[in-house]
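Chemist: Sequence and predicted structure, then a few things I'm wondering about:
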Amino acid sequence: MQRTAAASAAFSIVPSYVLGKKHVAPSDTLYIAAFGVGGRGAGVMRGLDDTGKVKYVAFCDVDDRRAADTYKAYPDVKRYKDFRKVFQNHLKDIDAIMVATPDHTHAAISLPFMREKKHAYVEKPLTHNIREARLMTRVAEEMGIVTQMGNQGASSDGSRQAREWVDAGLLGEVYKVDCWTNRPVWPQGIPLPTEKHPVPPEVDWDLWLGPAAMRDYNDAYLPFKWRGWWDFGTGALGDMGCHIMETPFSVLDLGYPTEAEASCTTNWVGDFVEADYSASCPSSSIVRLKFDTPAHGEIELNWYDGGLKPDLPDELKDGETIGDNGGGSIFYGTRGILVADTYSRNARLLPSELMGLMNPPEPTLPRIEGGTGGHQKNWVDACMGNGTPSSPFSRAGKLTESVLMGNLAIRAYQHKVQRINERNGRPYFEYPGRKKIMWDGANMRVTNFDLGNEWVQGSYRKGWELG
């Protein structure tokens with residue numbers, strides 16, 4: 001597995017503030033500020049708590065409804081809605097941050113702390129746009145901090161086993177990988193809401209919007225449904241791609257894609273009347289990414305979501321499935337086929353009788369204690385100088401970029417162009433359809449679609465620009 005300088009470097013976790021009588025030795029405790037402590041954030045915190053090595057200094061959440069259970073469970077931890085106040089009041093008190101807010105605020109919250117050499121655990125996808133992923137990766141390296149993206153499959157035994165099998169030549173040269181998910185399980189492919197709803201009293205709507213443009217509050221955004229809107233989330237691919245694509249990414253050393261292409265659902269609001277769904281991620285999509293790899297040459301990675309699935313391998317017998325209900329991946333090689341489930345807890349060969357006939361190679365990669373359940377502990381231990389993180393930003397950044405490149409292709413497919421009807425002079429919108437995106441990863445640039453580079457950079461409300 002790829003290592004980072006941050007993981008191997010000696011780094012003192014001694015907080016710079018004076019320890020009180022109730023504090024245990026700093027070498028035994030990681031002091032954390034947590035951002036987004038309801039929903040998924042609460043789940044991450046459970047994994048951190050299980051280590052017995054963390055103490056929370058501050059909680060920050062813009063929605064008191066979502067954070068209520070966490071606040072009740074930790075009544076003595078200081079609470080904030082504005083992450084900037086945590087920075088002002090507790091920078092000297094903490095060793096690390098945990099960020100599990102909506103996608104569009106990951107970078108804005110994380111970077112100020114990372115630049116002060118605070119270790120960082122950030123939920124997947126790492127960022128909302130490609131430039132942010134590149135920036136987070138660079139800052140983590142420059143600051144020498146220990147980082148982890150919250151894609152727990154990176155700590156699974158199955159992902160490591162798959163790498164060992166591929167390295168041993170059981171599949172031959174891999175030329176194609178099919179990935180799929182049952183997401184979205186929230187509304188997508190819907191028109192932008194226009195109705196103004198009252199802001200819930202527990203929510204700071206301005207802070208929730210963060211870098212996104214100001215707009216009226218609508219129940220179509222919160223909670224959880226923000227994932228389906230481009231301004232806040234990254235859709236089904238962004239939600240699950242960093243889980244499901246992690247195994248092919250790490251097994252095959254995929255790096256940056258060279259091109260991306262998509263085909264998406266068309267939604268209708270009337271007879272022959274197409275919905276304007278450009279503000280929302282599509283109901284379903286197929287994305288095709290291509291990579292050039294040293295070991296296997298060109299590899300095509302195909303993504304399916306929204307109920308779409310790849311073709312079933314002929315080697316799959318009646319009654320056998322290609323993964324769990326949530327999704328999975330299929331590796332096609334010149335000598336065999338490998339199947340992994342959503343979080344890569346298991347890997348198996350097809351046809352299934354090969355599992356009983358093969359002589360598996362000896363394990364060569366270190367396993368993570370607890371597998372996917374040990375992902376948070378893996379990071380905490382690395383922060384304390386013990387071991388290396390499974391998904392450091394040096395790897396997670398490139399994986400996130402690949403996922404977001406797929407979303408660029410989706411947005412190019414969705415992009416609408418205004419035309420003028422030659423007969424009556426009236427304007428109308430046309431969706432040109434699929435456009436292949438060519439990507440220069442080294443220079444972080446789309447080479448054949450200028451609008452795509454605006455999406456690469458992202459847009460920010462005044463006062464929320466990233467340095």
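Modeler: Cool, got the structure.
Chemist: and this structure, what are its domains?
Modeler: Here the domain parsing of the chain from automatic domain parsing is 5-154+375-391, 155-369+400-457.
Chemist: Rounded mean pLDDT for stretch 341-348, please.
Modeler: Here stretch 341-348 scores 86 as its mean pLDDT.
Chemist: quick one: contacts of it?
Modeler: 152-153, 156-159, 161-162, 165, 181, 240, 243-244, 246-247, 323-324, 326-329, 338-340, 355, 371-372 (Cβ atoms under 8 Å, 6 or more residues apart in numbering). Just so you know, the C-beta spots here come from the backbone N, C-alpha and C atoms, and that holds for glycine as well.
Chemist: So for it, first residue to last residue, what's the gap.
Modeler: End-to-end distance for stretch 341-348, by Cα to Cα, to the nearest Å: 9 Å.
Chemist: do the same with stretch 379-399
Modeler: 18 Å.
Chemist: mind showing which ranges of this protein have poor pLDDT?
Modeler: Across the chain, the ranges flagged by pLDDT under 70 are 1-27, 428-434.
Chemist: Mind jotting down where the helices sit in it?
Modeler: Along the chain, the segments classed as helices by DSSP state H run 5-8, 40-49, 64-73, 83-90, 106-114, 130-143, 157-167, 205-209, 235-244, 246-252, 354-357, 375-383, 393-414, 450-457.
Chemist: For the ones you listed, give me a markdown table that also has distance to residue 196 and mean neighbour count.
Modeler: Below are the helices of the chain laid out as a markdown table (distance: least, Cβ to Cβ, whole Å; neighbours: other Cβ atoms under 10 Å):
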| stretch | distance to residue 196 | mean neighbour count |
| --- | --- | --- |
| helix 5-8 | 46 | 18 |
| helix 40-49 | 28 | 19 |
| helix 64-73 | 20 | 16 |
| helix 83-90 | 27 | 18 |
| helix 106-114 | 25 | 23 |
| helix 130-143 | 30 | 21 |
| helix 157-167 | 46 | 21 |
| helix 205-209 | 11 | 18 |
| helix 235-244 | 25 | 27 |
| helix 246-252 | 40 | 26 |
| helix 354-357 | 58 | 10 |
| helix 375-383 | 40 | 25 |
| helix 393-414 | 25 | 26 |
| helix 450-457 | 28 | 16 |
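Chemist: of all these, which lies closest to residue 308?
Modeler: Taking Cβ to Cβ, helix 235-244 is the member of these nearest to residue 308, at 10.2 Å.
Chemist: hang on, the earlier thing: pick the most deeply packed of the domains of the chain.
Modeler: Ranked by mean neighbour count under mean count of other Cβ atoms under 10 Å, those are led by domain 5-154+375-391, which reaches a mean of 20.
Chemist: Show me the strands in the stretch 251-400 of the chain, by range?
Modeler: With DSSP state E, counting those that start in this stretch, the ranges of strands along the stretch 251-400 of the chain come out as 259-264, 268-270, 273-274, 285-293, 297-304, 327-333, 337-341, 347-350.
Chemist: Compare these and give me the one nearest residue 422.
Modeler: Of all the strands of the stretch 251-400 of the chain, strand 273-274 comes closest under Cβ to Cβ, at 19.6 Å.
Chemist: to the chain's geometric centre, what's the distance from that closest one?
Modeler: 32 Å (Cα atoms, centre = their mean, to the nearest Å).
Chemist: Kindly report the same for stretch 274-286.
Modeler: Centre to centre, stretch against its chain (Cα atoms, centre = their mean), the figure for stretch 274-286 is 20 Å.
Chemist: Does residue 87 touch residue 110 like I think?
Modeler: No - at 11.0 Å, residue 87 does not count as touching residue 110 under the criterion of Cβ atoms under 8 Å.
Chemist: quick one: contacts for residue 382?
Modeler: 7, 146, 148, 388-389.
Chemist: ditto for residue 82
Modeler: 60, 204, 207.
Chemist: wait, the second one sits on residue 60?
Modeler: No - contact between residue 204 and residue 60 fails when scored by Cβ under 8 Å: they sit 10.8 Å apart.
Chemist: what's the overlap in contacts for the two?
Modeler: 81-82.
Chemist: hey, C-alpha coordinates of stretch 65-83 in PDB?
Modeler: C-alpha atoms of stretch 65-83 as PDB (Å, rounded to 0.1, in the frame of the first residue of the first chain):
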ATOM      1  CA  ARG A  65     -31.900  19.200  15.300                       C
ATOM      2  CA  ARG A  66     -29.400  16.800  13.700                       C
ATOM      3  CA  ALA A  67     -26.900  17.400  16.500                       C
ATOM      4  CA  ALA A  68     -29.400  17.000  19.400                       C
ATOM      5  CA  ASP A  69     -28.500  13.300  20.200                       C
ATOM      6  CA  THR A  70     -24.800  14.100  20.200                       C
ATOM      7  CA  TYR A  71     -25.200  17.100  22.300                       C
ATOM      8  CA  LYS A  72     -27.200  15.000  24.800                       C
ATOM      9  CA  ALA A  73     -24.500  12.300  24.900                       C
ATOM     10  CA  TYR A  74     -21.700  14.800  25.500                       C
ATOM     11  CA  PRO A  75     -23.200  17.600  27.600                       C
ATOM     12  CA  ASP A  76     -19.900  19.000  28.700                       C
ATOM     13  CA  VAL A  77     -18.400  19.600  25.200                       C
ATOM     14  CA  LYS A  78     -18.600  23.200  24.000                       C
ATOM     15  CA  ARG A  79     -20.900  23.800  21.100                       C
ATOM     16  CA  TYR A  80     -20.700  26.200  18.100                       C
ATOM     17  CA  LYS A  81     -22.500  26.800  14.900                       C
ATOM     18  CA  ASP A  82     -19.700  28.700  13.200                       C
ATOM     19  CA  PHE A  83     -16.500  26.800  12.500                       C
END
